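Peer 1: I would like to see how this sequence folds:
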Amino acid sequence: MKHLIQPLFVKGMQLKNRFVMPPMATNFASEDGAVTNRMIRYYSERAKGGVGLIIIEMTYPHITGKAFPCMLGLDDDKFLPGLNELAEAVKSYGACAAIQIGHAGRQTSRGVCGRVPMAPSAIPLKGSAELPREMSIEEIQEIVRAFGSAALRAKKAGFDAIELHGTHGYLLNQFLSPYTNQRTDAYGGSFENNLRFPLEVIQEVRANVGEDYPLIFRLCGNEYLEEEQGITLPLAKEIALRLVETGVDMLHVTGGTGETGDHLIQPLYYDHGYNVYLAEGIKGAVADIPVIAAGSITDPLMIEEILEKGKADLVAVGRGLIADAVFFKKSQEEPDEIRPCIRCNECSRRLRGGFRISCAVNPLVGDEAKGELKPATKRKRVLVAGAGPAGMETARILALSGHEVTLCERSDSLGGLLRIASVPSWKKDLLALMGWLERQLERSEVIIRRNTEVTSEYIHEFNPDVLVVATGSIPSKPNMPGVESAMTALEVFKGVAVGDRVIVCGGGLVGCETAWYLAEQNKAVTIVEMLDDIAMDMEPRSKVAILKKLNDQGINIICNFKVESIVPGQGVIGIEKDGVKREISGETVLLALGFDPSRLSVDAKGKFYETYVIGDAKEPRRIMDAIREANHISRFEI
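Peer 2: This next block holds a predicted model:
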């Protein structure tokens, strides 16, 4: 990792390494925009982990630019004390502290910012009910001044640098993009005019902070819009040159906009290092200016390769640092100890819902104060039944606390449904999580017993102080004619052969992934779903991504269809929305209709042990719920 640990000097800012924590919204600020203790702890943990540069999440320079309910404000001097405390906390661990300034433009709502959103042109964000109004010249100038004032506050607060948010569909990006800027005055209609507002912002910021203060610009390298309607890499290169000429000291390159969020925060269906080619392209255009690469970078070896090959000068790891605050330190010492981000986008899902972020694999995000494990006051003999993610995480934490833990799994391998779900080649992120959990258990004092079913007799003989039931779930099978001839989606991932024409009953996440997996094997696949859409249980960006994959594979999708019976070897019979009965033909019928808890059947007579039921055994849900419950009972109840 010799390239990653190299220092970098940018206009008085001395970075100890090339590892960057990019700005990611958290909603950890107070409702009026102030820094909170929760936010300070969150960033401090990442600084403590050895990060060279932490760029604090986007702050609004003007109330009209507020994008989230609990977003940091930088439009008033009243925020200075808290911002200073945040900057000093980050710097106390040797990291440099920058802060991002951005205006939401059309990507907010009246409910968040208190007024009608404004934008270069009155073009609504697709899928939004908000119609923005076109900004007047006077308003443009007001926002320019607001950026300058906010930058000065950031400098006064003690930040080492500022970053202007010019990507992801926010206001600066909106002016730069031909897609969102359809003005015909001095602020639109040509390359020079589209640049005018961002360049005026840079000039105003420079006038406020001085020439020797580092200025970063987060640039969109590709908006990924159809028919190249917006910014593409060739245009981004031209923009980059002008930004540098006007006074930008560093470029932070990403991709995606409001309409293409799956390219902005990529789900696990997309490649790692997804947007690195954009940083490489910009680096080729502005050779002497440091460039930060970003986009699903979770592997230390990939980071080193990016730097070694000169694709970028620094590398940003975002969700990976949410999943593991000590990512950098572990990358230098024991890379396989890094708790992997699975790119499930639960953090993003919560943010889009107006909530504070959390993490599927790291329940302590935002609760870092609870992170230190206390030794057990009384060592207990614990029996954990089931080695899925809930059972594995429970056993791991209880062993670290000093308990005597035995983990029983009735099959010959650990992982439960996590192992089955990670079979497709595009689910490597889940495979990484399973591998991490297995390694943690191997290095612990947990006694692992495979091919061992926990029964009443086994419990009686084991004589535990605590029984944790983490036995997972089993596929649901409806009571209908012919159901006994149907397979389940899980059997497909276990390698059971299917015919060439397959009907997948159920269009949720499991059904969609199964259909895609089979289509890759050249099967003719039809999904039937009783609702009026598929993938409705999925995180929005993941849904967009998988719908594209299904379309690319030519998978037939039939909605508003309720299956009433299965005809072995022939297909299914069901009712359409209008009441018309219809038969759909296929050799194999797969059920992807949800899951039911799989619980122990034990005799509780004379019970003398504590019992906890967690994960899918309690109620089938997501990995996030399983790991969160495992953490809670392990830390605070047992």
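Peer 1: how many neighbours does residue 237 have?
Peer 2: If you count neighbours by other C-beta atoms under 10 Å, residue 237 ends up with 17. No exception for glycine: its C-beta is placed from N, CA and C like everyone else's.
Peer 1: Would you check that my belief about it contacting residue 281 is correct?
Peer 2: Yes - Residue 237 sits in contact with residue 281 when judged by C-beta atoms under 8 Å, with a separation of 6.4 Å.
Peer 1: Contact partners for the closest residue to residue 1 other than its chain neighbours?
Peer 2: Residue nearest to residue 1 in three dimensions, not counting chain neighbours: residue 304, with 5.5 Å by C-beta to C-beta, 6 or more residues apart in numbering. Contact analysis of residue 304 by C-beta atoms under 8 Å, 6 or more residues apart in numbering lists 1-4.
Peer 1: now do residue 480
Peer 2: So residue 480 contacts 563-566 (C-beta under 8 Å, 6+ apart).
Peer 1: what about 10 Å?
Peer 2: Residues near residue 480 by C-beta atoms under 10 Å, 6 or more residues apart in numbering: 486, 505, 563-566, 572-574.
Peer 1: Kindly report the same for residue 18.
Peer 2: Contacts of residue 18 by C-beta under 10 Å, 6+ apart are 1, 3-8, 52-53, 290, 292-293, 303-304, 306-307, 312-316.
Peer 1: just the buried members of those residues?
Peer 2: Neighbour-count burial (16 or more other C-beta atoms under 10 Å) applied to the contacts of residue 18 gives 1, 3-5, 8, 52-53, 290, 292-293, 303-304, 306-307, 312-316.
Peer 1: Looking at those, which are in strands?
Peer 2: Residues of these located in strands (DSSP state E): 8, 53, 292-293, 314-316.
Peer 1: In helices, which of the contacts of residue 304 fall?
Peer 2: Residues of the contacts of residue 304 located in helices (DSSP state H): none.
Peer 1: Where does confidence bottom out across these?
Peer 2: The lowest pLDDT within the contacts of residue 304 belongs to residue 1, with 77.
Peer 1: Find out how far stretch 365-376 is from the centre of the chain, if you would.
Peer 2: Stretch 365-376 sits 22 Å away from the centroid of its parent chain (C-alpha atoms, centre = their mean, to the nearest Å).
Peer 1: Start and end of that stretch, how far apart?
Peer 2: With C-alpha to C-alpha, to the nearest Å as the measure, stretch 365-376 spans 23 Å from end to end.
Peer 1: Let me see the mean pLDDT of it.
Peer 2: For stretch 365-376, mean pLDDT is 86.
Peer 1: Please apply the same query to stretch 141-151.
Peer 2: On average, stretch 141-151 scores 98.
Peer 1: and what of stretch 213-227?
Peer 2: Here stretch 213-227 scores 95 as its mean pLDDT.
Peer 1: got it, and stretch 309-328?
Peer 2: Averaging pLDDT along stretch 309-328 gives 97.
Peer 1: Which of the residues in it are classified as buried?
Peer 2: For stretch 309-328, burial by neighbour count (16+ other C-beta under 10 Å) applies to 311-328.
Peer 1: out of those, which are inside helices?
Peer 2: Among the buried residues of stretch 309-328, the members falling in helices are 319-323, 327-328 (criterion: DSSP H).
Peer 1: ok, the closest residue to residue 64 other than its chain neighbours - how many residues close by?
Peer 2: Counting by C-beta to C-beta, 6+ apart, residue 113 is the residue found nearest to residue 64 once chain neighbours are left out, at 5.6 Å. A count of nearby residues for residue 113, using other C-beta under 10 Å, gives 21.
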